[in-house]
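Sharing a model prediction with you, sequence too.
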Amino acid sequence: MSRIGKQPVDVPTGVTVEINGSHITVKGSKGELKRDCHPNMKIELIENQIIVTRPDDQKENKALHGLTRSLIANMVEGVTKGFEKQLEIVGVGYRAQASGNKITLSLGFSHPIEYKAPEGIEFVMDKDKKNIIFVRGIDKQIVGEAAAKVRSYKKPEPYKGKGIKYIDEYVARKAGKAAGAGTA
């Protein structure tokens with residue numbers, strides 16, 4: 001069996017789960033998430049635990065088993081705690097201004113870039129450090145997509161590290177041109 005797929009998903013108090021065939025709805029304090037899972041996977045709610053089982057040991061069903069369990073676990077975590085990605089803006093004159101689900105970026109281009117986030121995503125700026133952007137939401141996939149979209153406007157370059165990067169991202173630095181190293 002799949003090591004991840006065979007683990008049950010605990011449903012905390014305050015979270016309601018509705019299973020209708022392969023359609024699952026999870027409601028919690030932060031919101032509501034719905035998902036259609038693969039019809040081969042059997043999803044059951046037994047004593048505040050969601051259990052995912054597969055029909056046989058075919059390669060496709062083995063892969064779907066762990067995937068389905070992980071997606072459901074992310075739904076439960078999203079409606080209870082939510083998800084967050086942190087972006088850092090590095091560069092002189094680079095700045096951002098967030099208001100709700102919209103962010104305006106000044107990244108050295110001739111015009112500011114405005115990005116309106118999808119439904120359920122909010123942008124928050126750090127009050128102490130003006131160069132940190134928090135991307136928050138309840139759906140892990142949409143939070144990741146929104147953070148990746150903002151990062152794509154100015155990826156960090158390897159010489160000075162200027163651009164938008166994830167907080168925990170390592171940017172491999174390159175040495176610049178060596179000055180006066182030529183022979184006559």
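Now that the structure is in, tell me what you want to look at. Numbering: from 1, shown residues only.

From here on, just use CA atoms for contacts and neighbour counts.
Will do.

Quick one: distance of the worst-scoring helix or strand of the chain on mean pLDDT to the chain centre.
Lowest on mean pLDDT, DSSP states H and E among the helices and strands of the chain sits strand 95-99, with a mean of 90. Relative to its parent chain, strand 95-99 has a centroid offset of 19 Å by Cα atoms, centre = their mean, to the nearest Å.

Secondary structure element for the most centrally placed residue in the chain, which one?
In the chain, the centroid-proximal residue (Cα atoms, centre = their mean) is residue 144; its distance is 2.6 Å. Using DSSP states H and E, residue 144 sits in helix 140-152.

so the longest helix belonging to the chain versus helix 140-152, what angle?
For the chain, the helix that runs over the most residues, judged by DSSP state H, is helix 59-80. Taking axes from the mean of the first three to the mean of the last three Cα atoms, to 10 degrees, one finds helix 59-80 and helix 140-152 inclined to each other by 80 degrees.

right, and the helix or strand after helix 59-80?
The C-terminal neighbour of helix 59-80 among helices and strands, as given by DSSP H and E, is strand 83-90.

Quick one: mean pLDDT over that following strand.
In this model, strand 83-90 carries a mean pLDDT of 95.

got a list of contacts for it?
95, 131-140, 143-144, 147, 151, 161-167 (Cα atoms under 8 Å, 6 or more residues apart in numbering).

swap in stretch 49-56?
Taking Cα under 8 Å, 6+ apart as the rule, stretch 49-56 contacts 5-11, 40-45, 61-62, 65, 68-69.

Appreciated, that's everything.
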